[in-house]
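Colleague: Below: sequence and its predicted model.
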Amino acid sequence: MKLRRSKLETYEAILSVLAKRPLTVDSIAYRTNTDCTVLRQYLESLARNGLVKEMSSGKKKLYLITERGTAVFRTLSFQRYLDKIAKTLKASNNDLETAPTPTIMNDNESKNKNED
């Protein structure tokens, strides 16, 4: 069963494909696995906020990412990267908490143990 993406993840996926090159709605829909009707709503929202813009190329309408959109996409990507690092560190920390703590003996304790 495939988990549903959040709106933020969908926006990030759209910006990600547009960061590579301008695309048509159909191409964006295919690459992001998003329904065209829903995608148009997302694109309108992104355009209203200045993250993407629409341009005509012959008979085709292409969408391209703006400088602002690129900055937002980089920020989202960096945040995702930081989240992965935090999750890894938390897992590592949990492993350390369950590991036995080594005992350090001073010289006298060590000699006494060796004599036994």
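Modeller: Noted; the coordinates are in hand.
Colleague: How much space separates Leu15 from Thr88?
Modeller: 25 Å (CB to CB, to the nearest Å). Glycine gets a C-beta too; all of them are placed from N, C-alpha and C.
Colleague: of the two, who's got more company?
Modeller: Of the pair Leu15 and Thr88, Leu15 is the one with more neighbours under other CB atoms under 10 Å, namely 22 against 10.
Colleague: Which helix or strand contains the residue nearest the centre of the chain?
Modeller: Geometric centre of the chain, nearest residue: Arg80, 3.5 Å, by CA atoms, centre = their mean. Counting by DSSP states H and E, the element that carries Arg80 is helix 67-98.
Colleague: and Asp35, what is it in contact with?
Modeller: For Asp35, the set of contacting residues under the criterion of CB atoms under 8 Å, 6 or more residues apart in numbering consists of Ala29.
Colleague: can we see that at 6 Å?
Modeller: Asp35 makes contact with no residue, according to CB atoms under 6 Å, 6 or more residues apart in numbering.
Colleague: Let me know whether Arg31 touches Val17 as I believe.
Modeller: Yes. Between Arg31 and Val17 there is a contact under CB atoms under 6 Å: 4.5 Å.
Colleague: before we move on, the earlier item: measure the residue nearest to the centre of the chain to Lys90 for me?
Modeller: If you measure Arg80 against Lys90 using CB to CB, the figure is 16 Å.
Colleague: pLDDT value on the residue nearest to Leu15 when sequence neighbours are not counted, please?
Modeller: Here the nearest residue to Leu15 in space, its sequence neighbours aside, is Phe73; by CB to CB, 6 or more residues apart in numbering that works out to 4.0 Å. Listed pLDDT for Phe73 reads 95.
Colleague: separation between Lys84 and Ala91?
Modeller: Taking CB to CB as the measure, Lys84 falls 11 Å from Ala91.
Colleague: now swap in Ala29 and tell me
Modeller: Ala29 is 36 Å from Ala91, where distance means CB to CB.
Colleague: per-residue confidence at Thr88?
Modeller: Per-residue pLDDT puts Thr88 at 87.
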